[in-house]
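J.: Coordinates only, no sequence provided:
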């Protein structure tokens with residue numbers, strides 16, 4: 001079975017007062033992607049959104065067994 005792939009790119013310079021809101025939005029979208037069958041998540045690991053995305057995906061990987 002082929003999996004679905006989710007990629008992200010975003011801004012590096014983020015307002016400090018918006019970071020929690022951005023992370024919450026990323027969490028919501030990652031959870032929606034998992035529910036929709038996405039199993040591969042890619043990030044360039046650039047500062048900002050890319051790293052937040054990667055961290056959140058890694059946190060979820062600990063609890064989702066179907067990911068490799």
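T.: Ah, there it is. Here the structure is a predicted model, which means the values were calculated and not measured. Numbers count the residues shown, from 1 in each chain.
J.: Sketch out the low-pLDDT regions of the chain for me.
T.: Residues of the chain meeting the criterion pLDDT under 70: 1, 64-68.
J.: at 90 what do you get?
T.: Applying pLDDT under 90 to the chain flags the ranges 1-3, 9-13, 37, 39, 45, 60-68.
J.: Tell me which residues of the helix ranked longest in it come out buried.
T.: The longest helix of the chain (DSSP state H) is helix 19-35. Buried residues in helix 19-35, defined by neighbour count with 16 or more other C-beta atoms under 10 Å: 22, 26, 27, 30, 33, 34. Every residue, glycine included, has its C-beta placed from N, CA and C.
J.: Using a markdown table, lay out the residues you listed together with distance to residue 47.
T.: Output for those, formatted as a markdown table (distance: C-beta to C-beta, whole Å):
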| residue | distance to residue 47 |
| --- | --- |
| 22 | 13 |
| 26 | 15 |
| 27 | 19 |
| 30 | 19 |
| 33 | 22 |
| 34 | 25 |
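J.: Fine, thanks again, bye for now.
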